[in-house]
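S.K.: Predicted model follows, preceded by the sequence.
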Amino acid sequence: MRIRFGHLYAADMNPPVRSKPGKVRPVVVVQSTAVIDAGSPGVVIVPATSRLFDENPLRVRLAAGVAGNSVASDVLVDQVHTLDRALFRKELGKVPPDRMRRIVEGLALLLRPDDA
């Protein structure tokens with residue numbers, strides 16, 4: 001399976017540790033496809049959860065049916081992880097550009113220096 005930026009995948013995130021979500025769950029790839037294709041063993045992702053809260057810059061809503069997601073989910077932008085390629089189970093679909101833009105904006109906010 002080809003892993004690409006901006007796509008939603010089912011990935012095995014077991015075991016759960018403290019605030020790290022576990023189980024097989026949807027994840028959005030936020031790493032450049034070019035870096036992935038160059039052979040990077042790890043892939044940078046943000047997980048999604050079906051526990052919905054108010055949308056904010058660090059929680060981006062994917063409605064049910066969007067990108068192959070079966071239920072409405074919040075993408076947890078502040079829970080950036082690197083997963084081994086072997087943990088990706090299947091591709092669900094491509095995240096719409098407006099949702100991906102919100103995810104990238106949330107990452108920029110998360111990574112912005114305090115003095116910026």
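M.R.: Good, I have the coordinates.
S.K.: who touches the biggest helix by length in the chain?
M.R.: Identified as the longest helix of the chain according to DSSP state H is helix 97-111. Under the criterion C-beta atoms under 8 Å, 6 or more residues apart in numbering, residues 6, 28, 30, 46, 57-58, 60-62, 66-67, 75, 77-78, 80, 95 lie in contact with helix 97-111. Backbone N, C-alpha and C define where each C-beta goes, glycine included.
S.K.: rerun at 10 Å
M.R.: 5-8, 28, 30, 44, 46, 55-63, 66-67, 75-80, 94-96, 116 (C-beta atoms under 10 Å, 6 or more residues apart in numbering).
S.K.: mean confidence for that helix?
M.R.: If you average the pLDDT over helix 97-111, you get 96.
S.K.: what distance separates it from the centre of its chain?
M.R.: With C-alpha atoms, centre = their mean, to the nearest Å as the basis, helix 97-111 stands 11 Å off its chain's centre.
S.K.: Strands along this protein, start to end?
M.R.: Along the chain, counting by DSSP state E, strands occupy 7-12, 24-29, 42-49, 59-62, 73-76, 81-84, 88-94.
S.K.: Distance to R101 for the ones you listed - can I get that in TSV?
M.R.: Below are the strands of the chain laid out as TSV (distance: least, C-beta to C-beta, whole Å):
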stretch	distance to R101
strand 7-12	15
strand 24-29	12
strand 42-49	14
strand 59-62	9
strand 73-76	12
strand 81-84	21
strand 88-94	13
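S.K.: which one of these is the most hemmed in?
M.R.: strand 73-76 (a mean of 24; mean count of other C-beta atoms under 10 Å).
S.K.: Packing partners of that strand?
M.R.: With contacts taken as 3 or more C-beta pairs under 10 Å, 6 or more residues apart in numbering; DSSP states H and E, strand 73-76 sits against strand 24-29, strand 42-49, strand 59-62, helix 97-111.
S.K.: any idea how far that strand is from the chain center?
M.R.: On C-alpha atoms, centre = their mean, the centre of strand 73-76 falls 8 Å from the chain's centre.
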